[in-house]
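Asks: Below are the sequence and a predicted model; questions follow.
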Amino acid sequence: MEMGICYGGVPTKIHNNTMGIRGYDFIEFYSGAGKMFAYWHAKAMGLDIVAYKGPETGHRDRMSFLLASESNPNFKIVITSALQPETYDIHSFLNRHGDGVKRWTVEVDNVEVTYAKALKNGAIPVKDPYKLEDKDGYVDMAAIRLYDDCEINFVNYDNYKGLFQPGFEKPHFDWNIERNDTGLKGIDHIVGNVNINEMDYWASYINKSLDFETFVDFGPGDISTQYSALISKVVRSKDDIIKNPINEPYDGLKRSQIEEYIMQYHGSGIQHIAILTTDIITTVSNLRKNGVEFLDPPPNSYYEDIASKDFGLTEDIKELQKNNILIDVEGKGYLLQIFTKPIGDRPTFFYEIIQRRKGASGFGQGNFQALFEAIEVDQAKRGNLDK
Ligand code: FE2
């Protein structure tokens, strides 16, 4: 990371929020087949296996893989699976939701201070501050509750010199994976889907607990297709380093993608993580070569419409169209984005790849129509569109 440039998701000690939040830290998935889930992230997403925890490192009940981006080692994903029948926290999560995001973490200046403030503001405690220790020092952590089985964790590594966290060691294996460089830079935003009548509760819970604010509020009618609809609120830290949209289904003629998610996930949870790149055309074409599946392209008229607008597009529109990348013009800026198909067995979690240009700060509102219609094509194939 270059000095002075914040990619989002890259913790920096220079921040401007009352909770001492430095930025996104790792995301942790629970998976029924952690090794294969990790392999997919290495091969398809182009991430490196940086550290490992499991029986070989003295942990007999679970196995965890830490993956990070070569372009930015601070972009971290942990994938964990259970090795024993009594590893209940993982089994109960997987039994209900399938593979999914258990927790997202933020690095903070002082875990005890942030946790105490969050609880005072109404956060529901999950785990009081604790230390993980080994010969390299200690890592501070604590957790508060988020919707359903999901958590937000606070973490601080200032007193730790090791690879990641105590228990993790350099991988004892080499999968010798050939793949194309994907240039993933960090987390831009994390989106949750919640059950009917829960969005306002969770938006206000996060806002109060973490001293965040509502940045955008999409009401009924703002986001809908011919068949389905949703409502959405974007909550964010006041310095904009953490952004968390929350979607809720809204009544439509057919079943919305949010309803499908909740039905298949059996509850509320993380729907997608948007990952930043500074060269979306190369990133997406290399992800495709690595085997990542993206949603179907919008109609040709979508690109004809964009081409007719004069907003200083730097990229070659033919290259964008070739890669099915969506464009959303926003004042003097614009953003480029694309969505993968769900990565696991159920139509639940997926990734977004995003590049922000000239200060664009939105979430691709102009693309909602094209996006949702593309998702509905797949929903219909799964038999989940009709109510
Ligand atoms: Fe998004």
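Replies: Looks like it arrived, so ask away. Numbering: from 1, shown residues only.

Asks: who's in contact with T277?
Replies: Taking Cβ atoms under 8 Å, 6 or more residues apart in numbering as the criterion, T277 is in contact with T182, G183, L184, K185, T283, I353, I354, Q355. Yep, even glycine has a C-beta here, placed from its N, CA and C like the rest.

Asks: Nearest residue to Q84 in space, please, no chain neighbours.
Replies: Once flanking residues are discounted, Q84 sits nearest to D61: 4.7 Å by Cβ to Cβ, 6 or more residues apart in numbering.

Asks: just checking, that neighbour touches A82?
Replies: Yes - counting by Cβ atoms under 8 Å, A82 is a contact partner of D61 at 6.9 Å.

Asks: still on that earlier bit, ok, now how distant is the residue nearest to Q84 from the ion?
Replies: Distance of D61 to the ion, given as Cβ to the ion, to the nearest Å: 34 Å.

Asks: Tell me which of the contacts of T277 fall in strands.
Replies: Residues from the contacts of T277 lying in strands, with DSSP state E as the criterion: I353, I354, Q355.

Asks: Among those, which one lies nearest to L336?
Replies: Comparing the ones in strands among the contacts of T277 against L336 with Cβ to Cβ picks out Q355 as the nearest, at 4.5 Å.

Asks: can you tell me which residues contact that closest one?
Replies: With Cβ under 8 Å, 6+ apart as the criterion, the residues that contact Q355 are L276, T277, T278, D279, I280, T283, L335, L336, Q337.

Asks: What are the phi and psi values at the fifth one?
Replies: With angles defined as degrees, to the nearest 10, I280 sits at phi -70, psi -30.

Asks: same thing with Y334?
Replies: Backbone torsions of Y334, given as degrees, to the nearest 10, read phi -160, psi 160.

Asks: For the ion, what's its nearest residue on the stretch 201-350 of the chain.
Replies: Of the stretch 201-350 of the chain, the residue with the smallest distance to the ion, taken as Cβ to the ion, is A274 at 4.3 Å.

Asks: Can you pull out the residues in contact with the helix or strand encompassing that residue?
Replies: Per DSSP states H and E: A274 is located in strand 269-276. By Cβ under 8 Å, 6+ apart, the surrounding residues in contact with strand 269-276 are 7-9, 27, 75, 97, 100-101, 104, 147-150, 184-193, 247, 258, 261, 337, 339, 348-356.
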